[in-house]
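Participant: what's the 3D shape of this:
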Amino acid sequence: MYLAASEHLVLGGPFAAPTLWHTDLHQSNIFVSPTPPHDILAVIDCQGISVRPLATQVVFPKALRYTRKNFHPDPMAPMAPLPDDFQTRSSEEKAILRREQIDVFMQLYHVALMRKDPLRMAIQGLPDTETLIEPIYAVSRSWDVGLHVIRYWLVRTQRRWSDIQGPDADAPPCPLNLSPEEIEKATEEYERWRKYRDGVEEIEALLGIHHDGWVATDRYEEVKEACHKLRMAWDSVEAGGPYPFQDGAPSTIQ
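Facilitator: From the prediction side, this is the model:
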């Protein structure tokens, strides 16, 4: 079914240009010099980098995403104003807010750079880019997480076929013909997996670790104890799967 649909979803022209891109560029993967002007010394975690079509590679760098809640990024005011009660905050809170203020600026600066790149903006404007690209990743991840992810994207492709193909009268009919029962089952499986993935990400955030379980030496005993407590409270049935950081658990949750 995937092959039948993908034949009509291929992105051609410049969108398919072979491109080398680091798709996991978060701050922990960038080493900089400790003194100004803070030159970039190295970029690590390159083992997953590969040459792929441009449209599948273009992602917003995690290192430049603002994900906190103290500020609301405004393109018209890239240097977000500090809270009115800033002067009454503790020195620790002030430091956090000033750091986040810079993070907001960096995100908006990168957005401004993106808008100066016609090809990147054209990719952003493709109809339902997510449905065009995510099935490609879902197929490659099926070896790790199972077939339920690709089944979900087949359902989504079938539902959004006319939007993806556009108003062209010569657009091919949708080659997918999933039954209501198949759609319901695929959706339930995907939602169960997503709930499990969200639970795993919450554990990662609580422990302050990455999905591979790596822990700095000076935090090992502290994280080990916290991990044990979280494992004792974990309900495999309710969570949709085993506790992630133990022998026999899934190696990756993507």
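Participant: What is the helix or strand of the chain with the lowest mean pLDDT packed up against?
Facilitator: Taking mean pLDDT, DSSP states H and E as the measure, the chain has helix 129-145 as its least confident helix or strand, at a mean of 79. Counting contacts by 3 or more CB pairs under 8 Å, 6 or more residues apart in numbering; DSSP states H and E, helix 129-145 packs against helix 2-6, helix 54-57, helix 148-159. The way it works is simple: take the backbone N, C-alpha and C, and place the C-beta from them, glycine included.
Participant: Would you mind giving those helices as CSV with mean neighbour count added?
Facilitator: Conversion of the helices and strands packed on helix 129-145 to CSV gives the following (neighbours: other CB atoms under 10 Å):
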stretch, mean neighbour count
helix 2-6, 15
helix 54-57, 20
helix 148-159, 21
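Participant: Now tabulate these in TSV and tack on mean pLDDT and distance to residue 194.
Facilitator: What follows is those, written out as TSV (pLDDT from 0 to 100; distance: least, CB to CB, whole Å):
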stretch	mean pLDDT	distance to residue 194
helix 2-6	85	20
helix 54-57	87	21
helix 148-159	90	9
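Participant: Turn the ones you listed into CSV, columns for distance to residue 141.
Facilitator: Rendered in CSV, the data for the helices and strands packed on helix 129-145 read as follows (distance: least, CB to CB, whole Å):
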stretch, distance to residue 141
helix 2-6, 13
helix 54-57, 13
helix 148-159, 6
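Participant: Nearest to residue 118, out of those helices?
Facilitator: Across these, residue 118 has its closest neighbour in helix 54-57 (12.8 Å, CB to CB).
Participant: Could you list every helix and strand in contact with that closest one?
Facilitator: Partner elements for helix 54-57 (3+ CB pairs under 8 Å, 6+ apart): strand 18-20, helix 118-124, helix 129-145.
Participant: What are the buried residues along the least confident helix or strand of the chain?
Facilitator: Neighbour counts over helix 129-145 (16 or more other CB atoms under 10 Å) mark 129, 131-139, 145 as buried.
Participant: Now residue 26: closest residue in space, sequence neighbours ignored.
Facilitator: Spatially, and ignoring its direct neighbours in sequence, residue 26 is nearest to residue 62 (3.8 Å; CB to CB, 6 or more residues apart in numbering).
Participant: Run a quick neighbour tally on that neighbour.
Facilitator: The burial metric for residue 62, expressed as a neighbour count using other CB atoms under 10 Å, is 14.
Participant: That one and residue 30, how far apart?
Facilitator: As for residue 62, its distance to residue 30 is 10 Å (criterion: CB to CB, to the nearest Å).
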